[in-house]
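> Give me the fold of what follows.
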Amino acid sequence: MNRSPQHRQYNAVQIKTANKGQLIVLLYQGALKNMKKALLQLEEKDMEGKGNSLIKAQDIVLELMYALDQGMLDEGNELAANLQRLYLYCYRQLVQANLKMDPKPIGEVIELLANLLEAWEQVAAGGGPDDGGSARPTVALTG
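Alright, predicted model coming up:
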């Protein structure tokens, strides 16, 4: 899809003005968009497009993993370690889906990341799911 210069400029401004939580939300949204696009391309037998879309989604999942605070991982923070394992699992599922042209792993990763997106949207908005807005994220982001 060819985007207009105005649309690209809007996206660039959105990224430059986002805080770290909002950037994570944008990454999740981008991964989900590319995975859904890959499912459509797989149905349409557009193997090149499917491959490109899944590679973009894989790259975004890696960026999410790189955004985890290495210090927290080194300290054994359970949440950071669980997210790291989940991102690695998602990445491997997308690689397998791409190689085997199988939509099932893509659907599984979409479901996992959609659930995480909901949580990150709450964090980016300044509140947790159960606290009326006073929760602080327990995973630090780098970058």
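
> hey, where'd the strands end up in this protein?
Assigned by DSSP state E, the chain shows no strands.

> where exactly do the helices run in it?
Per DSSP state H, the chain carries helices over the ranges 5-17, 20-43, 47-66, 70-74, 78-100, 103-124.

> In a markdown table: those helices, plus mean neighbour count and mean pLDDT.
C-beta: built from backbone N, CA, C; applies to glycine. Formatted as a markdown table, the helices of the chain follow (neighbours: other CB atoms under 10 Å; pLDDT from 0 to 100):
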| stretch | mean neighbour count | mean pLDDT |
| --- | --- | --- |
| helix 5-17 | 10 | 54 |
| helix 20-43 | 18 | 95 |
| helix 47-66 | 18 | 97 |
| helix 70-74 | 13 | 92 |
| helix 78-100 | 17 | 96 |
| helix 103-124 | 17 | 95 |
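
> who's in contact with stretch 58-69?
The contact list for stretch 58-69 (CB atoms under 8 Å, 6 or more residues apart in numbering) reads 20, 23-24, 27-28, 30-31, 34, 77, 80, 83-84, 87-88, 90-91, 94-95, 98, 109, 113, 139-143.
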